[in-house]
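Colleague: Show me how the following folds:
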Amino acid sequence: MPRKNAVPANPTPIARVGDDHAALALREATVLMAPIARWLLRNGVAYPAFADLLKPVFLEAARGEIEEAGHKATFSALSLLSGVHRKDVRKLESADGGGDRGEPRGVPLASQVFTRWLTARRYRLRGGGPKPLPRAGNGVSFETLARELSQDVHPRTVLDELVRLGLVRVDGDVVVPASASFTPSRRLDELTSLFAANASDHIAAAVHNLTRKGQRFLEQSVYADGLDEASVERLRKHAVAAWLAAFERMVDEATALVEHDADVAPEAQHRMRFGVYFYSEPQAAAQPAGASAAAAPPRKSSKRRSS
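Modeller: Here you go, the predicted model:
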């Protein structure tokens, strides 16, 4: 029988926040951010651009916390709570800075190089597309292109990154563009937006449960280890079947209730999201950061837990 962890209906939220709570939150934030970092790197986004983008995110979160407490979100209050420098707060909150809010700066070098390749006349064909370029040389070459953007990073490093991103391929001594732009397809854009919305609401439910009083959101999972690949596949099929049954029932119920609530005033309306996920990986890859194989032996267990 799987072992179940009991979860109180209305757990006591964190009452006071101190250094120990901050350390705990930061420790687990690294776990949350690991897959996000992989996603960003696989799409050509490096740390500086992401870190810069987080400033307005922290400011908006700080504003919400301050106003919820009944206080005015002044520049000083926003800076103190968010940790964003006051001059950056002023810039982001000003009318001039507001237009750039949420737009990443610090574009990765590989992106800059590829964009120059697409737009600079000397690197384009007569038809407008990017030319295949010799890898090295003083004339029109990939080495020259990369050096125009940076003297600090070796062109070979930039080339390796573009190959990793699938934007170019190397044919002997010639670098050939494999894509005509960075623009994602409409389908990819839709899937990325859906991923962000789903993951955001999942994390929001868990954050609410950890930090707020009152009714808890549904946020549960079943975890098992010590399984072989065939067993994981069997459980995956069970998960898909369970989701399909729940999906049909929830769609029918939600459709009926949306029609029932058609006359609800806009200011009284709410939204909801119900989802499920299944994930598996080799246990050796699932160890916490810094843990060794000897420190974290495989466990034969199955448990239900609240995240």
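
Colleague: Show me what the helix or strand hosting T157 is packed against.
Modeller: For T157, the element it lies in under DSSP states H and E is helix 155-164. Counting contacts by 3 or more CB pairs under 8 Å, 6 or more residues apart in numbering; DSSP states H and E, the secondary-structure elements packed against helix 155-164 are helix 109-119, helix 142-149, strand 168-171. To be clear about C-beta, it is placed using only N, CA and C from the backbone, and glycine gets the same treatment.

Colleague: starting at the chain centroid, how far to the last one?
Modeller: What separates the centre of strand 168-171 from the centre of its chain is 29 Å, taken as CA atoms, centre = their mean, to the nearest Å.

Colleague: ok so, going back, so which of the helices and strands packed on helix 155-164 comes closest to A61?
Modeller: Each of these was scored for nearness to A61 using CB to CB, and the closest is helix 109-119 (27.6 Å).

Colleague: Can you list the helices and strands that that closest one packs against?
Modeller: Going by 3+ CB pairs under 8 Å, 6+ apart, helix 109-119 lies up against helix 142-149, helix 155-164.

Colleague: any idea of the mean pLDDT for that helix?
Modeller: Within the predicted structure, the mean pLDDT of helix 109-119 is 82.

Colleague: same deal with stretch 282-294?
Modeller: On average, the pLDDT along stretch 282-294 is 54.

Colleague: Kindly report the same for stretch 26-36.
Modeller: Stretch 26-36 shows a mean pLDDT of 89 in the predicted model.

Colleague: ok, so what distance separates the most centrally placed residue in the chain from A199?
Modeller: Geometric centre of the chain, nearest residue: I36, 4.0 Å, by CA atoms, centre = their mean. Here the criterion is CB to CB, to the nearest Å. By it, I36 lies 9 Å from A199.

Colleague: swap in T74?
Modeller: Counting by CB to CB, the separation of T74 from A199 is 32 Å.

Colleague: More neighbours: the two, which one.
Modeller: More neighbours sit around A199 than around the other of T74 and A199, counting by other CB atoms under 10 Å; the figures are 16 against 12.

Colleague: Look at that one and report its pLDDT.
Modeller: According to the predicted model, the pLDDT of A199 comes to 91.

Colleague: Got the phi and psi for it?
Modeller: According to degrees, to the nearest 10, the main-chain angles of A199 amount to phi -70, psi -40.

Colleague: Give me whichever of the helices and strands packed on helix 109-119 is most buried.
Modeller: When neighbours are counted by mean count of other CB atoms under 10 Å, the highest per-stretch mean among the helices and strands packed on helix 109-119 falls to helix 142-149, a mean of 20.

Colleague: For that helix, which helices and strands make contact with it?
Modeller: Partner elements for helix 142-149 (3+ CB pairs under 8 Å, 6+ apart): helix 109-119, strand 133-134, helix 155-164.

Colleague: Name the surrounding residues that touch the shortest one.
Modeller: So that's strand 133-134. Applying CB atoms under 8 Å, 6 or more residues apart in numbering, the contact partners of strand 133-134 are 117, 123, 140-142, 145, 173-175.

Colleague: repeat that with 7 Å
Modeller: Strand 133-134 is contacted by residues 123, 140-142, 145, 173-175 when judged by CB atoms under 7 Å, 6 or more residues apart in numbering.

Colleague: from these, which two are the most distant?
Modeller: With distances taken as CB to CB, the most widely separated pair in the contacts of strand 133-134 is Y123 and D173, at 16.8 Å.

Colleague: more neighbours, those two?
Modeller: In this comparison of Y123 against D173, neighbours counted by other CB under 10 Å, the higher total goes to Y123 at 19 against 12.

Colleague: show me what contacts the closest residue to that one other than its chain neighbours?
Modeller: Nearest residue to Y123, sequence neighbours excluded (CB to CB, 6 or more residues apart in numbering): W117, at 4.9 Å. Shown in contact with W117 (CB under 7 Å, 6+ apart): 123, 130, 145, 177.

Colleague: Sort out for me which of these are in helices.
Modeller: Members of the contacts of W117 lying in helices (criterion: DSSP state H): L145.
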